[in-house]
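S.K.: Below: sequence and its predicted model.
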Amino acid sequence: MRFQTDLIPARLIRRYKRFLADCILEDGREITAHCANPGSMMGLADEGMKVWLEPNDDPKRKLNFGWRLIEHENGHFTGVDTSVPNRALRETLEQQRIPELADYETVRPEVKYGENSRIDFLLTQDGLPDCYVEVKSVTLSRSVGQAEFPDSVTKRGAKHLQELSNMVAQGHRAVMLYLVQRTDCTSFTLASDIDPDYYAAYLAARDAGVETLCIGTKITPQEILIDAPITIKI
């Protein structure tokens, strides 16, 4: 998935009210950017961090910049926009490039199901059970090389796991897909200390037959691409 507009570098001043971030551009201007991430962004919102912003001139938008990436001192990147995984994955699913899901030709995003829920992707194919795919963006890393989810308590995430379990009970296929938006991680686990209820919900869903996939990304200031599977350690 290529960014619609060339990203520009900046330095973070602060992130606040969840969806706002004050930054300093290279020319010295101080601007406010939209932060499309409702999580805690633990370890990703320190003052002075190098960030990459996507400018826009859309009169319908309140802010002229969107915060898309963090560039770490070691040269690795983290994608902070939680809308990216679904946009990048849709193309990958439609091209049938994820081996575990490659038998499905029809990909429908944001389909209503369960109790007032929407599944990220419903995959269908004649002769196969419908496949419900829930996607989570992973940006937390507290140990070198290891990604974690979640970075804050997520009752909504636990609800999604229960909904997936219900789909399995009805004879469908259900997949919990974690997309790691970091280039410095080779393994994935759950942050059970941050949200024990989510961890318990995950274990229950796994026991009920919900499958787990974890996939990495290649990230540059030009694009975010779906990469190879990441080892799951749960």
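M.R.: That came through, no problem.
S.K.: Which strands and helices lie in contact with the biggest helix by length in the chain?
M.R.: The longest helix of the chain (DSSP state H) is helix 155-169. Secondary-structure packing of helix 155-169 (3 or more CB pairs under 8 Å, 6 or more residues apart in numbering; DSSP states H and E): strand 117-124, strand 131-138, strand 173-180, helix 196-207. Bear in mind the C-beta positions are built from the backbone N, C-alpha and C, glycine included.
S.K.: mind checking which of those is nearest residue 53?
M.R.: Of all the helices and strands packed on helix 155-169, strand 131-138 sits nearest to residue 53, with 18.4 Å by CB to CB.
S.K.: tell me the centre residue of the protein?
M.R.: Geometric centre of the chain, nearest residue: residue 137, 1.7 Å, by CA atoms, centre = their mean.
S.K.: Quick check: the nearest residue to residue 76 once chain neighbours are set aside vs residue 218, distance?
M.R.: Once flanking residues are discounted, residue 76 sits nearest to residue 184: 3.9 Å by CB to CB, 6 or more residues apart in numbering. Going from residue 184 to residue 218 by CB to CB, to the nearest Å gives 12 Å.
S.K.: Could you list the residues in contact with stretch 74-87?
M.R.: Applying CB atoms under 8 Å, 6 or more residues apart in numbering, the contact partners of stretch 74-87 are 1, 35-39, 41, 44, 66-72, 109, 120-121, 135-137, 139, 179, 181-184, 217, 219-220, 224.
S.K.: related to what we said a few turns ago, who's more crowded, residue 184 and residue 218?
M.R.: Legend: neighbour count by other CB atoms under 10 Å for residue 184 and residue 218, higher for residue 184 (16 against 12).
S.K.: There's contact between the more buried one and residue 141 in this structure, I believe.
M.R.: Yes - using CB atoms under 8 Å, residue 184 is in contact with residue 141, at 6.8 Å.
S.K.: what's across from the nearest residue to residue 16 once chain neighbours are set aside in the sheet?
M.R.: Of all residues not flanking residue 16 in the chain, residue 22 sits nearest, at 7.6 Å (CB to CB, 6+ apart). With DSSP bridges applied, residue 22 shows beta-bridge pairing to residue 14, residue 32.
S.K.: now the helix or strand bottoming out on mean pLDDT in the chain against strand 117-124, angle please.
M.R.: Here the helix or strand of the chain ranked lowest by mean pLDDT, DSSP states H and E is helix 84-94, holding a mean of 92. Helix 84-94 and strand 117-124 are oriented at 20 degrees to each other (axes from the mean of the first three to the mean of the last three CA atoms, to 10 degrees).
S.K.: can you give me how far helix 84-94 is from the chain middle?
M.R.: Put simply, helix 84-94 sits 11 Å off its chain's centre (CA atoms, centre = their mean, to the nearest Å).
S.K.: Just the buried residues of that helix, please?
M.R.: When burial is assessed from 16 or more other CB atoms under 10 Å, helix 84-94 yields the following buried residues: 84-86, 88-90, 92-93.
S.K.: next structured bit after it?
M.R.: strand 106-113 (DSSP states H and E).
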